[in-house]
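Peer 1: Fold the following.
(2 chains)
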Amino acid sequence: MKFTKAIISILITSALIWALQSKLGVAPPLGKFLSPAEGFWQNAESKNILEIHELKLKGLQGKVTIKFDENHIPHIFADNLHDLYFAQGYMTATDRLWQMDIQTRQASGRLAEVIGPKVLDIDRYHRRMGMVYGAEKTLTAMMADPIVKNMILSYTDGINAYIHSLAPKNYPIEFKLLNYAPEDWKPINCAFLLKLMSETLAGGSNEFAMSNILKKFGPGITNDLFPDYPMHEDPIIPTGTKWDYFKPLTIPKPSASFLASMTDSAKTKPRVEGIGSNNWAIAGSKTASGYPILANDPHLNLTLPSIWYQIQLSAPGMNVYGVSLPGAPCVILGFNNDISWGITNVDADVLDWYQEKFKDGGMNEYWYNNRWNKTTRRVEKIEVLGQKPIYDTVVYTHHGPVVYENKALQDDDHDFVPIGHSLRWIAHEPSDELMAMYLLNTGKNYDDYRKALHYFSAPASNFVFASKTDIAITPNGKYPLKFKDQGKFILDGTDPANDWHGFIPFEQDPTIKNPARGFVSSANQSSTDPTYPYYINWSFAPYERGTRINNRLAAMNKATIDSMRILQTDTYSIRARDILPAMLKFIDPTKLDATQLSAYHQINMWNKDVAANSIGASIFGFWWSATYNMIWSDEFADKNLQTNYPSADRTEQLILKEAGSKWFDDVRTPEKETAGDIISKAFNAAVKQLSDKQGKIGPNWQWGKVRPFEIASLSRQPAFSSGNFEAGGSGTTINALNDGHGPSWRMVVQMGPKVKGYGIFPGGESGNPGSFFYSDMLKTWQTGQLKELLFMQSANEASPRIKSTYTLTAK
Amino acid sequence: MVFFVILILSFASGYFLPWWIVALISFLTTLIIGRTAKGSFWSGFAAVLIVWIVLALFKSVPNDHIMATRIAHLFMLPAWGYILAITGIIGGIVGGVSALSGLWLRQAFQKH
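Peer 2: As a prediction, the model looks like this:
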């Protein structure tokens, strides 16, 4: 009896401990997670920072000194490049290990391994679109380059030195929540990270929708509604620039099938308006100091921790400051004593779908160049938490992977992928972007900048440049050589004329140095005017941010760091300037009720600044989107068109110049609506939406309250996010805060005998939600201020801003 | 006595042994020197509860409870004190039932 009692009691106790040690559903293992010995309490970082810390690490060759400033930004001084990148890897892992792990998993299709079957579709999509295939090719190319190979191996060793120093209690909190352990870093992870950037910035397509639009409306209407060059434009390379610095290659002839589709009668990811960026450089002739100033603010998904990690890297032959991507060595955007550079996305047409003709359901052969050709196969093994691994076979033609062979494989999030079509994508090409970064990090002048760009394939980027004497900009990347509009629609895979015809030589990418106007800039708008001999893409981001930047820069004289800062946080709406007066003309105030009339007065008084406290900005924002949707949602209701409406620019053209157009008529009603009917109906709808959402017109209608903004956590835990705050700006203002995206790093660099850098990102250096450095820079970013960056010239340089020092030596 | 032995051993094993070591400590302590069921359970409960709360506070106070507050919100609790209490109670229950098991096993081997 006593034994039975004892045994039952021991069993119950064991079961309890087992339960507290196991992950149940989404909850972490409670005993392990809550215990002070191993759990989250261990991630509570102390505010008492050790001023001096000595570390012995296996793999170092010499001594590394790391100085930390008040934001815990590491300033690394090493005796050689090996140790420099080793220390960069070590520090980045210290602050961002889980971010590095989860980004690699996302890119390589290995999320289900730690999260479970619910994310299997995301993994399958990444595998099937060839992320691993592309990363493997890129790794081979990077390893063939001795400088890059040394960088990647040293960086990898540094990360692993940190990982190997960890006991389970030291794991970042997200590993504890999800109950898995960090694994060793591999060199290919650096390639995955670069492919992930390509996916974010150059992985979208609307060719499926465009082909369906072409089928439904025919070429005349399609070309009218989806023109190859917008009404409003202010291209990156100024209009009228001569292309006399090269002799263009022969432009390939359009294929017969393309011409046929154009004379009769065909989303990887849907493209998102608002993922864009700004950069510019202003010549010394227009600045107070007489030296150029460069500015850059890439707009990306804003998360905690930030996509960027600030760092200074110094070794013999190099001293560079800027932001890096956790998971890749080097500084990606930054400056050294001689040059500075920044990046925005080009949005080149580097992703195409080919309709393949397979011999039979076995998909062993496909028709191309008038004969049957063999397909190849690649087996992707996907591990799934709590289940047997899944083996997914992907068929490849010479174009690339057949992303979805049949409808059953496809999930709802990826309905933009045409079934049975193969994907040709620049990210499948071998590339050596890190060499470009290395050359910029060590660059001294314009020639070094030009040399560096040759190595940068994807995602194609507008590289702005400034030295003490020169400014320049280059929409740079590896652009496929295509006939015009090749890839606007789905291509016939059987015809060799539809293949990519090689690549545009790097020297012939559009570029401009020291233009007469005294500045260069980009904001994702068209790279060039239509006279550029090659096809880069048929549509780019709308011109509003670009033209606002250009207008302001043109008007500037004796510009300072602060002029640049103010411009980066500018929220003036060019869209409202262009279209609001025309829209207001359609409103008859005598037909409005009290609230509508009040809104009408508000918007009439509005200064077109999308400020956080502006009521007019809210009314305009809602009115414009209601108008846009009312014009197109009837004709484009077909699910196959995937709400791929004509651009905002085309819609403005309709309102400004074609008020009698048939597109204003709502085909779902018997009446014949005019532009005035639709626009005033949209006004009333917008006022109703705002009233329903925010109550009576008044302070609650202010833009900051109508559109609260949040920096979400990368782990999607609201408890780890910034919480909501009020902010100005929209997708088409320079300060482009829109739907979780926005300026992820604002940088301004004043060149000169002593270069001065300023910068801020909305977050902090640490990825640990329990750190004082998790979001310590957010406030400065929110208030539109920059911080002067501590650019040290040597490890011994004294500064009151240095709070602690690490010394790393070999074990 | 049981209380102090568990308290001291749990505290000493503190940050460097797995969390379930407190179960083993409680179990072995009462197996060797346990006397009554009630005394064993409450000694194990109180000792581990106190150790866990003190160790948690060692980490959380210099952190200004930033982490504890975030985790409290993660568990839909209003403030860090709640997650501290839950931590203590879970530790306490583990200590208590382990101590009770140890005692009952001891009694099973005892004559009478």
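
Peer 1: Skipping its backbone neighbours, what lies nearest the spatially most central residue of chain B in space?
Peer 2: Among the residues of chain B, B:Val48 comes closest to the average C-alpha position under CA atoms, centre = their mean, at 2.0 Å. Nearest residue to B:Val48, sequence neighbours excluded (CB to CB, 6 or more residues apart in numbering or on different chains): B:Gly95, at 2.9 Å. Backbone N, C-alpha and C define where each C-beta goes, glycine included.

Peer 1: circling back: what pLDDT, on average, does the one helix or strand the residue nearest to the centre of chain B maps to get?
Peer 2: Using DSSP states H and E, B:Val48 sits within helix B:37-60. Average pLDDT, helix B:37-60: 95.

Peer 1: The helix or strand containing the residue nearest to B:Val48 packs against which elements?
Peer 2: B:Gly95 belongs to helix B:80-109 when elements are defined using DSSP H and E. Contacts defined by 3 or more CB pairs under 8 Å, 6 or more residues apart in numbering or on different chains; DSSP states H and E place helix B:80-109 against helix A:2-21, helix A:30-34, helix B:2-13, helix B:21-33, helix B:37-60, helix B:66-74.

Peer 1: Adding distance to A:Asp529, write these out as a markdown table.
Peer 2: Below are the helices and strands packed on helix B:80-109 laid out as a markdown table (distance: least, CB to CB, whole Å):
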| stretch | distance to A:Asp529 |
| --- | --- |
| helix A:2-21 | 65 |
| helix A:30-34 | 59 |
| helix B:2-13 | 73 |
| helix B:21-33 | 72 |
| helix B:37-60 | 61 |
| helix B:66-74 | 51 |
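
Peer 1: Of those, give the one that comes closest to A:Arg707.
Peer 2: helix B:66-74 (23.6 Å; CB to CB).

Peer 1: is chain A contacted by the closest one?
Peer 2: Yes: Helix B:66-74 reaches chain A (CB under 8 Å from any CB of the partner chain) through B:66-68, B:70-71, B:73-74.

Peer 1: Contacts for that helix next, please.
Peer 2: A:40-41, A:43-45, A:173, A:717-720, A:769-772, A:774, B:56, B:60, B:78-84 (CB atoms under 8 Å, 6 or more residues apart in numbering or on different chains).

Peer 1: returning to what we had before: what angle do the helix holding B:Val48 and helix A:2-21 make?
Peer 2: With axes from the mean of the first three to the mean of the last three CA atoms, to 10 degrees as the basis, helix B:37-60 and helix A:2-21 are set at 20 degrees to each other.

Peer 1: Give me the phi and psi angles of A:His299.
Peer 2: Per-residue torsions, A:His299: phi -100, psi 110 (degrees, to the nearest 10).

Peer 1: Across the sheet, point out what pairs with it.
Peer 2: A:Pro743 (DSSP bridges).

Peer 1: Surely A:Lys149 and A:Ala141 touch.
Peer 2: No: between A:Lys149 and A:Ala141 there is no contact under CB atoms under 8 Å: 10.4 Å.

Peer 1: The two: which is more packed in?
Peer 2: A:Ala141 (18 against 14; other CB atoms under 10 Å in any protein chain shown).

Peer 1: list the buried ones in the one helix or strand the more buried one maps to?
Peer 2: Using DSSP H and E, A:Ala141 falls within helix A:131-143. Going by neighbour count (16 or more other CB atoms under 10 Å in any protein chain shown), the buried part of helix A:131-143 is A:131-135, A:137-139, A:141-143.

Peer 1: list the helices and strands that helix packs on?
Peer 2: helix A:81-108, helix A:146-164, helix A:187-202.

Peer 1: Could I get the ones you listed in JSON lines, plus columns for distance to chain B?
Peer 2: Putting the helices and strands packed on helix A:131-143 into JSON lines (distance: least, CB to the nearest CB, whole Å) gives the following:
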{"stretch": "helix A:81-108", "distance to chain B": "15"}
{"stretch": "helix A:146-164", "distance to chain B": "18"}
{"stretch": "helix A:187-202", "distance to chain B": "27"}
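
Peer 1: Take those helices and write them to CSV, including distance to A:Asn345 and mean pLDDT.
Peer 2: Converted to CSV, these look like this (distance: least, CB to CB, whole Å; pLDDT from 0 to 100):
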stretch, distance to A:Asn345, mean pLDDT
helix A:81-108, 18, 97
helix A:146-164, 23, 97
helix A:187-202, 5, 90
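
Peer 1: can I get those in a markdown table with distance to A:Asn336?
Peer 2: Shown next, in a markdown table, are these (distance: least, CB to CB, whole Å):
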| stretch | distance to A:Asn336 |
| --- | --- |
| helix A:81-108 | 14 |
| helix A:146-164 | 17 |
| helix A:187-202 | 22 |
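
Peer 1: for chain A, which spans come out with low pLDDT?
Peer 2: Under the criterion pLDDT under 70, the flagged ranges of chain A are A:260-275, A:407-412.

Peer 1: Closest approach to chain B from it, which residue is it?
Peer 2: A:Gly770 (3.0 Å; CB to the nearest CB).

Peer 1: contacting residues for that residue?
Peer 2: A:Gly770 touches A:40, A:43-45, A:173, B:63, B:66-67, B:70, counting by CB under 8 Å, 6+ apart.

Peer 1: for B:Gly91, same thing?
Peer 2: So B:Gly91 contacts A:34-35, B:22, B:48-49, B:51-53 (CB under 8 Å, 6+ apart).

Peer 1: Distance to A:Pro743 added to those, as JSON lines?
Peer 2: Below are the contacts of B:Gly91 laid out as JSON lines (distance: CB to CB, whole Å):
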{"residue": "A:Leu34", "distance to A:Pro743": "38"}
{"residue": "A:Ser35", "distance to A:Pro743": "41"}
{"residue": "B:Val22", "distance to A:Pro743": "49"}
{"residue": "B:Val48", "distance to A:Pro743": "49"}
{"residue": "B:Leu49", "distance to A:Pro743": "48"}
{"residue": "B:Val51", "distance to A:Pro743": "47"}
{"residue": "B:Trp52", "distance to A:Pro743": "44"}
{"residue": "B:Ile53", "distance to A:Pro743": "43"}
